[in-house]
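# quick one, fold the following:
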Amino acid sequence: MNIISSFKFQLNKDRVIKMVQSYGKMPQYNDLDKMYKNLLPILKDHSNPLGIFKMEEKDESINLNMLSKCKFTIYCLITLGEKCTNKINEMFENGNFYEALLLDSMSSNYLFNMSSQLHHIICSKASKINLGITHKVAPGDGEIELEYQNNILSKLKDAEFHNVKMVNNCVYPHKSLTYVYGADASISVNGDDHCCSRCSNIFCSMRHIEKENNYAIEKAINCA
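A predicted model of the protein is given here:
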């Protein structure tokens, strides 16, 4: 079992604001930018970033195409802790609708950044024992069902010690993410942690934002 708490506090402001603007009628970019700057210290103060991962030989009862040729499965959890979720709920309850939505988007972006940081750590450990890893697969993203979160948490016994648990069939605190990688000596290169534009979750807003960004870049290149 590996427990990581030393995550850099990093976010992508542009991506956060585009995500919020995709929800519908929202304040202008400059106004959201000011809110974002005011909320940064609040997010930092209310986050207790934690990552847990464990590698073990593949459980044959798990039927995933991605893992079919992998000898090992790596079970992962990242969380911002309960304070962050409580602060977002408090803002909604107090009627600070835009700030609550923005803080929610900021915390999700921070969580994804933590995933990338943890990915580098896992890749480094795997390469030392001559293993490569697959891309990340998270329950609910289309490749495995949301209910699989419970299987992952059951493999990570320390999660409950850090107050991460299943509540109403969802991981709590809500700003938490469970996922798996496959690992095998036959995988020569560790690829990207996750690519939003190629994600199979058709309901995710970031998937559409990334596809639009990629299209704009390709169009600019073709017009040059």
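
# helices or strands up against the biggest helix by length in the chain?
If you go by DSSP state H, the chain has its longest helix at helix 97-128. Under the contact criterion of 3 or more Cβ pairs under 8 Å, 6 or more residues apart in numbering; DSSP states H and E, helix 97-128 touches strand 2-4, helix 13-21, helix 29-45, strand 50-57, strand 72-79, helix 82-93, strand 132-133, strand 176-184. The C-beta positions use only the backbone N, C-alpha and C, and glycine is treated the same way.

# care to break the chain down by domain?
Structural domains annotated on the chain: 2-193, 196-224, as defined by automatic domain parsing.

# state the mean pLDDT of the last one.
What that stands for is domain 196-224. Summarised as a single mean, pLDDT over domain 196-224 is 43.

# number of residues surrounding residue 66?
Neighbourhood size, residue 66 [other Cβ atoms under 10 Å]: 16.

# for it, what are its contacts?
Counting by Cβ atoms under 8 Å, 6 or more residues apart in numbering, residue 66 touches 134, 135, 137, 143, 182.

# equivalent analysis for residue 168, please.
Per Cβ under 8 Å, 6+ apart, neighbours of residue 168: none.

# per-residue confidence at it?
The model's pLDDT for residue 168 equals 83.

# for residue 103, what are its contacts?
Residues in contact with residue 103 (Cβ under 8 Å, 6+ apart) are 39, 42, 43, 87, 88, 91.

# isn't the first one up against residue 106?
It stands for residue 39. Yes - counting by Cβ atoms under 8 Å, residue 106 is a contact partner of residue 39 at 6.1 Å.

# hang on, the earlier thing: can you tell which of the helices and strands packed on helix 97-128 is closest to residue 157?
Proximity to residue 157, assessed across the helices and strands packed on helix 97-128 by Cβ to Cβ, is greatest for strand 50-57 (8.8 Å).
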